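*Asks:* Here is the input, now give the coordinates:
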Amino acid sequence: MILWLRSALFLLWFVLVTTILSLIFLPVLILPRAATVSLARIWSHVTLWGLKVLAGIDFEIRGRPPKGPVLVASKHMSMWDTLALYLALDQPATVLKRELLRIPFYGWFLWKSTAIAVDRAGGARALREMSNAAKKVLAEGRPILIFPEGTRKKPGAAPDYKPGVAALYALLDVACVPVALNSGVYWTGFLKRPGTITLQFLEPIEPGLKRDAFMTLLEQRIEAATAALLP
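*Replies:* Take a look at the predicted model:
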């Protein structure tokens, strides 16, 4: 009963904060991107504060978050991942589904903060567009964040890494930093189970590997480290 109550209180907090900030800061969309980035960081901080106080979920970061133009490939278990990684990294551009940009308010702010939208049915054209957008981000000295499985996975679920991460790695010729986490143990849909989420930055994979070797190494590092974080 207490678990449900605390989860409901956090949901109420999340909806209230998101609605208020979206309306107050809507004019920010006409300002330079830096203003939207500041708003997104405020929203993330306030959301995670509510998660800690109302639902009893804190977090810790292991390893050193990368700086500069780099590809960051993370395990994805919950919405918490996008919030925490946005704060841990320096103005990252996140690779995401183009459909998300159509969501009122949320999608508008995603677009303004330079998300890299992907049309999954676009084939080679979509890959070229993603590559061009990613190169512009790297030229600004910023990291690119991608969830290589393309969707959220429950803890312990079989991995399913998509080829998009390998395409970016080859085209951009930059190091790739794998990320492991265990957020799905505590953030399970509506229910929020008290505890401490761990986000772990792993040893970078240097550029230049062949596609198959890269995909194998990336999956091995992320999955082994993630398994070690699960109860």
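*Asks:* got the end-to-end distance for stretch 156-174?
*Replies:* Using CA to CA, to the nearest Å, the end-to-end distance of stretch 156-174 comes to 30 Å.
*Asks:* what comes up buried for that stretch?
*Replies:* By 16 or more other CB atoms under 10 Å, the buried positions in stretch 156-174 come out as 161, 164-166, 168-169, 172, 174. In short, each C-beta sits where N, CA and C put it, glycine included.
*Asks:* would you list the residues you listed in a markdown table and tack on pLDDT, secondary structure and distance to Val46?
*Replies:* Putting these into a markdown table (pLDDT from 0 to 100; DSSP: H, G, I helix; E, B strand; the rest coil; distance: CB to CB, whole Å) gives the following:
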| residue | pLDDT | secondary structure | distance to Val46 |
| --- | --- | --- | --- |
| Tyr161 | 97 | coil | 33 |
| Gly164 | 87 | helix | 31 |
| Val165 | 93 | helix | 31 |
| Ala166 | 94 | helix | 36 |
| Leu168 | 91 | helix | 31 |
| Tyr169 | 95 | helix | 34 |
| Leu172 | 92 | helix | 33 |
| Val174 | 95 | coil | 32 |
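*Asks:* what about Phe59, is that helix, strand or coil?
*Replies:* strand (DSSP: H, G, I helix; E, B strand; the rest coil).
*Asks:* got the contact list for stretch 143-151?
*Replies:* 66-76, 81, 85, 89-95, 116, 134, 137-138, 159-162, 164-165, 168, 172, 218, 222 (CB atoms under 8 Å, 6 or more residues apart in numbering).
*Asks:* how about 7 Å then?
*Replies:* Residues from elsewhere that reach stretch 143-151 (CB atoms under 7 Å, 6 or more residues apart in numbering): 66, 69-74, 76, 85, 89-90, 92-95, 116, 134, 137-138, 159-162, 165, 168, 218.
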